[in-house]
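Asker: here is a sequence with its predicted model. Questions after.
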Amino acid sequence: MPRRLRIYQPGGFYHVTLRGNHQQTIFFADSDRSLLDIIVARSMEKFGARLHAYCWMGNHIHLVIQVGAESLANPMRQIASEFARAMQIKLDTTGHFFERRYHAILVDTDAYLMELLRYVHLNPVRARLVRHVSQYLWSSHHAYIGARSEPWITTDFCLGLFASDRTSAVAAYLAFLATDQQKEWEPSCMTRPLESALDTSGAVAAIQKQSSMKRRRQSLEELLAEACQRFEVERTDLDSPVRNAYMTKVRAWIAHQATRRGVASRCAVARAIGRTESTLRHAIQSYPSEVE
């Protein structure tokens, strides 16, 4: 029977799950989860995607991915195949490691995205592996509250749905997690209005405002044009072979903003302005205060 075609929406958000074959465990040591961190981070960079949330459970994983110009199949193929090969070598086994292909649901509203964020982070609590979300080490929750640095996770967008400044957003996010509404929600079915899950500190208004706006990701050329206007340079200056400190700062800003906003990978930026990825990485490291 032929496989059903997957719907691909450039810039779209997807809730992705991947399960072990016959629902068997896929992690055998903490180092296995750390290895998956590395593989996922590398895949996001390679295919210009953004990871907004994750949770590594015992026999399956959850990811909330925003794709770029490449379809979701590309990063997921690399993640599944690379991790499976590593585990097969470790276990000295062959055969299918994961059960069928990954399962993906397109996220079409910001309200749904917020519910999904809570669902993913509370998965270990729902499974009774821990009593509180903070006790489970293998999720992006810690990056959201600033307890752990994971540069390969994008938290700004989802936190921005709660409030405009990060401190208020984190507080609203934690309040959102603390409600018991989660018990009545499953992926692809939202059963209650979002307002009842939040306090009245202004987070609801921010959510409603952002939910009413059409989500659109900036293109790389638009970012380059923004940089030209911001720094008062010409487009031809960006890929000029001439090297000077000022243009190095400009290119560092572009490379940093491209990955931060999910516009393009550093590799794509390097190609667009005639530089190497290592050159841009060095530029960012040389001018850390200039890139924000």
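Answerer: In hand now; what should we look at?

Asker: could you use CA atoms for every contact and neighbour count after this?
Answerer: OK.

Asker: next, Leu63: phi, psi?
Answerer: Main-chain torsions, Leu63, degrees, to the nearest 10: phi -140, psi 140.

Asker: do you know how far the residue nearest to it when sequence neighbours are not counted is from His62?
Answerer: Nearest non-adjacent residue to Leu63, counting by C-alpha to C-alpha, 6 or more residues apart in numbering: Tyr54, 4.4 Å away. In this view, Tyr54 and His62 are 5 Å apart by C-alpha to C-alpha, to the nearest Å.

Asker: ok, Ala268 next?
Answerer: For Ala268, the distance to His62 - C-alpha to C-alpha - is 27 Å.

Asker: okay, now the domains of this protein?
Answerer: 13-211, 220-290 (automatic domain parsing).

Asker: let's have the ones you listed in TSV, adding mean pLDDT and mean neighbour count.
Answerer: As requested, the domains of the chain are exported to TSV (pLDDT from 0 to 100; neighbours: other C-alpha atoms under 10 Å):
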stretch	mean pLDDT	mean neighbour count
domain 13-211	83	17
domain 220-290	85	17
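
Asker: for Arg100, give me phi and psi.
Answerer: With angles defined as degrees, to the nearest 10, Arg100 sits at phi 50, psi -150.

Asker: quick check: it vs Ala80, distance?
Answerer: Taken as C-alpha to C-alpha, the span from Arg100 to Ala80 is 11 Å.

Asker: list residues touching both of Tyr54 and His62?
Answerer: Common contact partners of Tyr54 and His62 (C-alpha atoms under 8 Å, 6 or more residues apart in numbering): Val120.

Asker: in the stretch 151-292 of the chain, which spans are helices?
Answerer: Ranges of helices in the stretch 151-292 of the chain, per DSSP state H, counting those that start in this stretch, are 156-160, 166-178, 203-211, 220-231, 235-238, 245-261, 266-272, 277-286.

Asker: can you state the direction angle for the last one and helix 245-261?
Answerer: To tie it back to what came earlier, the one meant is helix 277-286. Counting by axes from the mean of the first three to the mean of the last three C-alpha atoms, to 10 degrees, helix 277-286 points 100 degrees away from the direction of helix 245-261.

Asker: return the list of helices and strands in contact with helix 277-286.
Answerer: helix 245-261, helix 266-272 (3 or more C-alpha pairs under 8 Å, 6 or more residues apart in numbering; DSSP states H and E).

Asker: check the fourth one too.
Answerer: Helices and strands touching helix 220-231, by 3+ C-alpha pairs under 8 Å, 6+ apart, are helix 235-238, helix 245-261.

Asker: now the ones you listed as a markdown table including distance to Thr279?
Answerer: Listed next are the helices and strands packed on helix 220-231 as a markdown table, based on distance: least, C-alpha to C-alpha, whole Å:
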| stretch | distance to Thr279 |
| --- | --- |
| helix 235-238 | 13 |
| helix 245-261 | 9 |
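
Asker: out of the ones you listed, the one nearest Val107 is which?
Answerer: helix 245-261 (18.4 Å; C-alpha to C-alpha).

Asker: what angle separates that closest one from helix 220-231?
Answerer: Taking the same axes, to 10 degrees, one finds helix 245-261 and helix 220-231 inclined to each other by 130 degrees.

Asker: please renumber the chain so that the first residue is 18 from this point on.
Answerer: Renumbered: residue one is now 18, and that last one reads helix 262-278.

Asker: before we move on, back to that, among the helices of the stretch 168-309 of the chain, which comes closest to Gln152?
Answerer: Of all these, it is helix 183-195 that lies closest to Gln152, at 13.8 Å by C-alpha to C-alpha.

Asker: list of residues touching the helix or strand containing the residue nearest to Leu80?
Answerer: Assigned by DSSP states H and E, Tyr71 belongs to strand 67-73. Residues from elsewhere that reach strand 67-73, judged by C-alpha under 8 Å, 6+ apart: 50, 61, 78-85, 134, 137-138, 140, 155-158, 169-172, 174-175, 279.
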